[in-house]
Structures are given as structure tokens and as C-alpha cells.
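Participant: Got a sequence here, can you build the structure:
(one chain, ligands or ions: 1)
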Amino acid sequence: MASERANEGPCGVRVEEVSEDELRGLVAMGFKGYTRVKTLIRVYPGRILLLPRYLALADRLKNFEFRKDDIVVMTYPKCGTTWMQELVWGLTRPGNLRAADSVPLNQRSFFLEVDILTNLEAQLNDATLLERFRAACGEAAKPEDGIILQMTQAAPTHSPRVIKTHLTFPLLNCDLLDKCKVIYVTRDARDACVSYHHHNRLISTYQYEGTFHHFAHAYMDGDVIYGDQWDHTASAWARRHHPNLHIVSYEALQQDINACLAKIVSFLRLQLSDAQIREVAEHADFSNMKTRDSKAPLTFSGPVRASEGSFYRKGGTGGWEAVATPALTTTMNSWIEKRSKEAGFSLPLHLG
Ligand code: A3P
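Facilitator: Model (predicted):
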């Protein structure tokens, strides 16, 4: 239940503070990482659960200036963001794929709002990050205004910029779609839930220590960071006819990567041969990305709990069947049926 402190937040986005009771309930359910934050917030439209640092950066995120040649990879978490980032990065640099051997993906393709997922103190303690920040943004830039956010803005050597975000359209600049191209990736809700469960165990910000059963219920209630998957996708569904939006599913990518890439190449108005497309698909193949990650690992802004495995987990479809009990499967399937009817679309959504 939201507290009384609901208000008009920065840039007209409505913000509610989660009540102390609800926060305690989430911690008791297993989200131990939330003991390190004073509160959580819900942002509307979309009832998006976020960490409170969003409030300090909301204006900057809303007013972030996209460039005409930017390519934005927008997703609900765990729907294939990283894969699509690597694919798009590769498609836009077909002759330079080897650069990925030494530079981690999240230094080649920035995560726009990642600053809100960690606390400033942790960032300030990261000397390497600060050094890169100073080199990119200069001595006058203030870390509290968002380190990665400002690095994304500065990014002089990344043209075209491939920008990752889990924020929905209403939280970003109104001209986003008119200015540049957005690729929105969707995934089966049950697989995304299993993957997000793993992620919530892996990342210390969340430090989830409860059962999958409880996590799945929080997921279905939209009580995970970034809120409800259907509400998130609804923001893309509402804009599905815009020529600068391309909606593709993780499952379709798995089924026929070359066909999906050919459509993305055409959407991005790139000129690539079939051989180049195949090379990029191979470059971003799960096992190749996992191997590269062992040499040039993704750098997270907060600590990771290595005991929970790695970011590159399984990379397949239908894995949820081995994880959910028959009772939970029935509950999730009813939830999916209900949400599909309410939203007017099914997940995974593929309009490619
Ligand atoms: P699993 O946890 O099911 O393995 P995101 O990048 O949006 O966080 O999504 C992460 C999911 O995509 C994880 O799914 C991860 O393993 C998978 N993934 C990452 N790179 C991939 C690739 N190159 N091919 C297929 N799946 C990939």
C-alpha cells in the first residue's frame, strides 16, 4: 500500500513512496538488499517500483537528449537486453567486432539509468569508474548528477550510441521516438520471471534470499524493481505503429536469428550482406558472449554475489518448466491469461 506521501514528482511523473509496512513485507519475503535503502518508490504511469535515487535523477533522465542516430534498446529486465545490445553494436560496426574482446559491453553500450540502481557512495568508492568518468566528462561534472548518465550523454566515441534502458516511454524524453530508433525486446513472462529471480539473487542491491515461489508472486504483483512486465510492455504496445519502433521477441531471436537480424538491418537502414549478418549473429551467440565475458567482464555498478553464479545463466526458452511447481504453473498461467485479456496483447510480443 502506498504511503500518504504521494506527490507530483519531477517532470510531472507521479511518485508514491512505498509504506514502511510494505517495505518490511518485501524484506521479510526475501529482498534482503532493501534493508540498505530508506524507502522504495512507485512511479506512475505504470506503477513502476524503483529505488529512491530515481528521484534525484528523474529530471535528467526525462530530459536526456537523444541524438538522431542513437539506437535505444528498451526492455523489461531479463528479456534479452544484453543480447540485443551486442547484436546492435555489432550490426553498426561490422568491421570492428574484435573491439569487443577487450572492452566490456556495458562500456560500449551504456545503461542509461544504471546510476539509480546503486548508491552514490558505492560509485564514489570505485576508483576505476571515477577515472573513466573524469576522462569522459571532465573535472567539473558532478558524480551526484549521474555518472553513467553523464558518460552516456558525453559518449563522443560511441557513434552511433547504442543505449540500454529499462525505463518506459513516459519516463523518457517525449521526442525519443521522433528523434531516433527504438528496439523493444519482449520475452515469455515465465522465463523472464525465472531469469529475474536469478538476477535478484545475484545483484547485491536486491540480495534476494527467498524462495522462487515467493519471488514469482512478487513478480505477478508487480512488486519487483521496474514493476509489472505487462504494464511495461503496454508502453511499447501503445506506440507499436510508430515507424521508429521495432518490437521483437527473445523467442523469435532464438528461433531464427538471421531472419530477425535481416529485419533489424532494414529497420535501422543499414547496408549489410548476409555474410556480415551471420557474422554478427555468431559474434553475439550465447557461448561466445559468455566466453568473452570471462575475459572482459560486464562491470556492474554495485557488488555482485558471485556465489549465485554468473550473469550469463542459461540463455534458452522454456526453462521455467523445470523450476515452477505444478500449482505455481497453474497460477502463473491464469495470471498470463488474465493479463493478456486486460492488456490486449500476449507475451512474448513479436511484431517483427
Ligand atoms: P537466462 O537467465 O534465462 O539465462 P537481460 O540481458 O535482459 O538481462 O536478459 C538476460 C537473459 O538473456 C538471461 O537469460 C541471459 O542468460 C540471456 N542472454 C544473455 N546473452 C544472451 C545471448 N547472447 N543469447 C541468448 N540469451 C542470452
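Participant: Which residues of the chain lie near the ligand?
Facilitator: Contact residues (C-beta under 6 Å from any ligand atom) of the chain with the ligand: 75, 77-83, 191, 195, 198, 284, 286, 289, 312-315, 319. The way it works is simple: take the backbone N, C-alpha and C, and place the C-beta from them, glycine included.
Participant: Name only those of these that count as buried.
Facilitator: Among those, those classed as buried by 16 or more other C-beta atoms under 10 Å are 75, 77-83, 191, 195, 198, 284, 289, 312-313, 315.
Participant: quick one: least confident of the residues you listed?
Facilitator: Across those, the bottom pLDDT score, 77, is held by Tyr312.
Participant: could you pull out the helices for the stretch 151-300 of the chain?
Facilitator: 176-179, 189-202, 212-220, 229-237, 250-255, 257-267, 274-283, 286-295 (DSSP state H, counting those that start in this stretch).
Participant: by how many degrees do the second one and helix 229-237 diverge?
Facilitator: Read it as helix 189-202. Using axes from the mean of the first three to the mean of the last three C-alpha atoms, to 10 degrees, one finds that helix 189-202 and helix 229-237 are set 110 degrees apart in direction.
Participant: ranges for the strands of the stretch 101-250 of the chain?
Facilitator: Secondary structure of the stretch 101-250 of the chain, counting by DSSP state E, counting those that start in this stretch: strands at 162-165, 181-186, 245-249.
Participant: Adding mean pLDDT and mean neighbour count as columns, could you present the ones you listed in JSON lines?
Facilitator: Below are those laid out as JSON lines (pLDDT from 0 to 100; neighbours: other C-beta atoms under 10 Å):
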{"stretch": "strand 162-165", "mean pLDDT": "98", "mean neighbour count": "24"}
{"stretch": "strand 181-186", "mean pLDDT": "98", "mean neighbour count": "25"}
{"stretch": "strand 245-249", "mean pLDDT": "98", "mean neighbour count": "22"}
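Participant: need those in JSON lines with distance to Arg93, can you?
Facilitator: As requested, the strands of the stretch 101-250 of the chain are arranged in JSON lines below (distance: least, C-beta to C-beta, whole Å):
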{"stretch": "strand 162-165", "distance to Arg93": "9"}
{"stretch": "strand 181-186", "distance to Arg93": "16"}
{"stretch": "strand 245-249", "distance to Arg93": "19"}
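Participant: domain ranges for the protein?
Facilitator: Per the record, the chain has its domains at 1-62, 64-109+158-343, by automatic domain parsing.
Participant: can you put those in TSV and add distance to Ile148?
Facilitator: Listed next are the domains of the chain as TSV, based on distance: least, C-beta to C-beta, whole Å:
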stretch	distance to Ile148
domain 1-62	10
domain 64-109+158-343	7
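Participant: among those, where is the model least confident on average?
Facilitator: Within the domains of the chain, the stretch with the lowest mean pLDDT is domain 1-62, showing a mean of 86.
Participant: what's the distance between that domain and the middle of its chain?
Facilitator: 18 Å (C-alpha atoms, centre = their mean, to the nearest Å).
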